[in-house]
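Colleague: generate a structure from the sequence data that follows.
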Amino acid sequence: MFRHPWIDSRLNRKFLLGNAMGIVLSSLVFLLLYLHMYEGQLADERSNAATQVNQLLETSLQNAMLKRDLDGLRRIVHKLGEQEEILNVMILNPAGEVRFSSNPSLLGRSLDRQNDPACQGCHATGKPAPTAFISNELGQSVLRSVNPVRNRPECLECHGSAVEHPINGVLFVDYAAAPIQDNARKTALLLMAAGCCVLLIVLTGGWWFMRHFVLQPVQKLHRASQSLSEGSLSGRVDIPGRDELAQLGRCFNDMAEKLESSLTAVREKEEFLQGLMDASPDGLRVIDSDFNIVLSNKAYRRQLGLSESEAVNLRCYQSSHGRQEPCTPTLVTCPLHEITERGAPVKCVHEHLRSDGSSFEVEVYAAPMQVQRGDRIDCFIVESIRDLESAVQFSHEQKLSELGRLAAGVAHEIYNPLTSIRMSLNSILNLQSPSDQHHSQTSDYLKLVEQEIDRCIDITGRLLRLSTHSGSQPQVVAVNQAVSETLSLLSWDAEQSGVVLDQQMDPSEPRVLASESDLRMAVLNLIQNAFHAMPKGGQLTLLTERRDGRVNIVITDTGAGIAPEDLPHIFQPFFSRRADGKHGTGLGLSISRANVERHGGQISVRSELGNGTTFVVSYPDPES
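Modeller: Numbers count the residues shown, from 1 in each chain. Here you go, the predicted structure:
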């Protein structure tokens, strides 16, 4: 159902209803008062007229009584009773008996003047009450005029002393009340109609005034305030004029402008602070005294695999430890607990959980921070979280990069002289004379030298491929070739360690999408770990195969194996348990796994203590 906007306005409804009720009630009160006063005024007018008539009747009555002309008195009463607005005329003696009446049925009847409303005022105050609206003896609604006929000196002969007999009789004149009341009602209706017109005019004018000068400005202020509360700081109001609402609108605009400026400055500072935090390569988070994370940077969210919305409104132990209650300070170094107890920065190593459930080692440096907020000081903890695996990998990649540049330089420095020697050797072979008695033997020696030179050139090529920088984009890698060439670089080490090498290459020549240098480096690390597990010699089997939509590189040794309690930790940075008794860096496996997983690969391991270990490097088969 359509409703006009002003009908739904509470202020407008209140104004209209209040004004309407006030005017209606006031009109009714004044109408009743006016009606009563008007009826009284009509009664007074009738009373005045009746008084004049009564004076004439009284004079006629006295003359008739003095002349003892009773028939003439009856004719006067009857003539008067025949008037249009007069219903009845009666003359009562002092005892209340009707002696003369225009209605013959009332002759001789005695009236109770003590209870007659028209007579009560006279008896109560001693003054005549000339008129009153009553129901007469015939049941008619009349305006009764009561006039006593007083005893005069000329009447003393018949009626005695005026002191003992103050009146000779009472004249009653009953006027029809209906015309008087109808006149009053018509006048009242006219007044009510005029009041309704006035009410309509007042309400219409009031509604127009409220709508144009109150409601519309208030609606503008409401819309602007609502827009401001929803975050739109550009909302302004335009209220013309110089009244209070116009001044309020200008004050609102000034407030909104200052608020927009302040909030813009606050947002710029927040963005600057967030940008400053996001620029840090380490994870950063700010924790309040209730373990709530109030601020974090991109590196922290990237470490845990969280989105920006998921990182807020979380407790620190929920986001990084997967717990539903705070960590036990006696079992885990809680930076918040330690700083609260000691008030000094804390440095510790934790194991954090990613959103996918995997764990990683981090180094946490936490420091206290105090912020003044009004009359109170709020305490926070700022944590700098460094992913040890990423840090180790970055450090190792730097070392590998330096090593790669060194290998490339060495290979390049070796490759050039070998190429020159080969060219010179070819020239010597071409310059040999067939007639020389040592021609055949010299040629064999020179060809043997050429073969060794080719072998050295091939080795330098392998070094160059191993030291190639791994790009972010994967490339097609021939698995058999990469594995064989990497293994060939360690053939001398195998011979010195008493390790027998067994290659079983898949004849289908499998290929994978990966970084060739990362794959070669992972295989190199795994083969070296196998050598370390067999300090007294053994057998190393290197197998490539296609199975279940994947390409697998299987490296199996017959070494000492890995203890069951150590097996879950071998891919953690800095964890090292070498069977040859030497202390390693503990970085090879962690870096190898990171390099393989970078392009969708996996490394798995199975081992039995005393019976050897098998590592499986698996990549998705692009041809499946």
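
Colleague: pLDDT score for the residue nearest to G249 when sequence neighbours are not counted?
Modeller: Nearest residue to G249, sequence neighbours excluded (CB to CB, 6 or more residues apart in numbering): I239, at 3.6 Å. Every C-beta, even on glycine, is put in place using the N, C-alpha and C of the backbone. Looking at I239, its pLDDT reads 77.

Colleague: you'd agree I239 is up against A224?
Modeller: No: using CB atoms under 8 Å, I239 is not in contact with A224; the gap is 10.2 Å.

Colleague: where do the domain boundaries of this structure fall?
Modeller: 11-183, 233-275, 276-388, 472-624 (automatic domain parsing).

Colleague: save these as TSV, and put in mean neighbour count too.
Modeller: Below are the domains of the chain laid out as TSV (neighbours: other CB atoms under 10 Å):
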stretch	mean neighbour count
domain 11-183	16
domain 233-275	13
domain 276-388	16
domain 472-624	17
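
Colleague: hey, least reliable of these by pLDDT?
Modeller: domain 11-183 (a mean of 70).

Colleague: do a quick rundown of the helices in the stretch 151-300 of the chain.
Modeller: Applying DSSP state H, counting those that start in this stretch to the stretch 151-300 of the chain gives helices spanning 156-159, 177-210, 216-229, 244-278, 298-304.

Colleague: which one of the ones you listed lies nearest to G374?
Modeller: When these are compared by CB to CB, helix 244-278 sits nearest G374, at 16.0 Å.

Colleague: which strands and helices lie in contact with the helix or strand hosting N480?
Modeller: Assigned by DSSP states H and E, N480 belongs to helix 479-489. With contacts taken as 3 or more CB pairs under 8 Å, 6 or more residues apart in numbering; DSSP states H and E, helix 479-489 sits against helix 439-466, strand 499-504, helix 516-533, strand 538-547, strand 550-557.

Colleague: remind me, longest strand of this protein?
Modeller: If you go by DSSP state E, the chain has its longest strand at strand 359-373.

Colleague: what lines up beside that strand in the sheet?
Modeller: Strand pairing for strand 359-373, determined by DSSP bridges: strand 346-353 (antiparallel), strand 376-387 (antiparallel).

Colleague: in CSV: the ones you listed, plus distance to P568.
Modeller: Shown next, in CSV, are the strands paired with strand 359-373 (distance: least, CB to CB, whole Å):
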stretch, distance to P568
strand 346-353, 12
strand 376-387, 19
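
Colleague: still on that earlier bit, so which of the domains of the chain is nearest L200?
Modeller: Between these, domain 11-183 lies closest to L200; by CB to CB that is 9.8 Å.

Colleague: does V332 sit in a helix, a strand or a coil?
Modeller: coil (DSSP: H, G, I helix; E, B strand; the rest coil).

Colleague: my guess is it contacts H350, does it?
Modeller: Yes: if you go by CB under 8 Å, V332 and H350 touch, sitting 7.1 Å apart.

Colleague: joint contacts of those two?
Modeller: Residues touching both V332 and H350 by CB atoms under 8 Å, 6 or more residues apart in numbering: H321.

Colleague: next, the residue nearest to A366 when sequence neighbours are not counted: phi, psi?
Modeller: Using CB to CB, 6+ apart and skipping the chain neighbours, the partner closest in space to A366 is P335 (3.4 Å). Main-chain dihedrals, P335, degrees, to the nearest 10: phi -60, psi -40.

Colleague: distance check, P335 against V371.
Modeller: 18 Å (CB to CB, to the nearest Å).

Colleague: and what of E545?
Modeller: Distance from E545 to V371, by CB to CB: 61 Å.

Colleague: next: V523.
Modeller: 53 Å.

Colleague: got the contact list for S110?
Modeller: Applying CB under 8 Å, 6+ apart, the residues contacting S110 are A95, G96, E97, V98.

Colleague: circling back to that earlier point, show me what contacts the residue nearest to G249?
Modeller: Here I239 is in contact with P217, K220, L221, L245, A246, L248, G249, R250 (CB under 8 Å, 6+ apart).

Colleague: my read: the first one touches Q247, true?
Modeller: No: using CB under 8 Å, P217 makes no contact with Q247, being 10.6 Å away.

Colleague: make JSON lines from the domains of the chain and add distance to L189 to it.
Modeller: Formatted as JSON lines, the domains of the chain follow (distance: least, CB to CB, whole Å):
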{"stretch": "domain 11-183", "distance to L189": "10"}
{"stretch": "domain 233-275", "distance to L189": "41"}
{"stretch": "domain 276-388", "distance to L189": "70"}
{"stretch": "domain 472-624", "distance to L189": "97"}
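
Colleague: out of those domains, nearest to W208?
Modeller: Once these are compared by CB to CB, domain 11-183 is nearest, at 10.9 Å.

Colleague: coming back round to it: wait, the residue nearest to A366 touches P368, no?
Modeller: No: P335 is not in contact with P368 according to CB under 8 Å; the separation is 9.4 Å.

Colleague: now do the shared contacts for those two.
Modeller: I381.

Colleague: nearest to D493, out of the helices of the stretch 151-300 of the chain?
Modeller: helix 298-304 (37.5 Å).

Colleague: check which helices and strands the very next helix or strand once past that closest one is in contact with.
Modeller: The helix or strand immediately downstream of helix 298-304 is helix 308-311, counting by DSSP H and E. Under the contact definition 3+ CB pairs under 8 Å, 6+ apart, helix 308-311 sits against helix 298-304.

Colleague: then the helix it packs on to PDB, C-alphas only?
Modeller: Extracted in PDB, the C-alpha atoms of helix 298-304 (Å, rounded to 0.1, in the frame of the first residue of the first chain):
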ATOM      1  CA  LYS A 298      52.100 -10.400   4.800                       C
ATOM      2  CA  ALA A 299      55.100 -12.500   5.700                       C
ATOM      3  CA  TYR A 300      53.400 -13.800   8.800                       C
ATOM      4  CA  ARG A 301      50.300 -14.700   6.900                       C
ATOM      5  CA  ARG A 302      52.300 -16.300   4.100                       C
ATOM      6  CA  GLN A 303      54.200 -18.400   6.700                       C
ATOM      7  CA  LEU A 304      51.000 -19.900   8.100                       C
END
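
Colleague: list of residues touching it?
Modeller: 278, 280-285, 307-308, 310-311, 319-320, 352-355, 360, 362, 385, 387.

Colleague: wait, doesn't A224 sit right on F252?
Modeller: Yes: the criterion here is CB under 8 Å, and A224 meets it with F252 at 6.5 Å.

Colleague: show me the common contact partners of the two, please.
Modeller: Taking CB under 8 Å, 6+ apart as the criterion, A224 and F252 both touch R236, V237.
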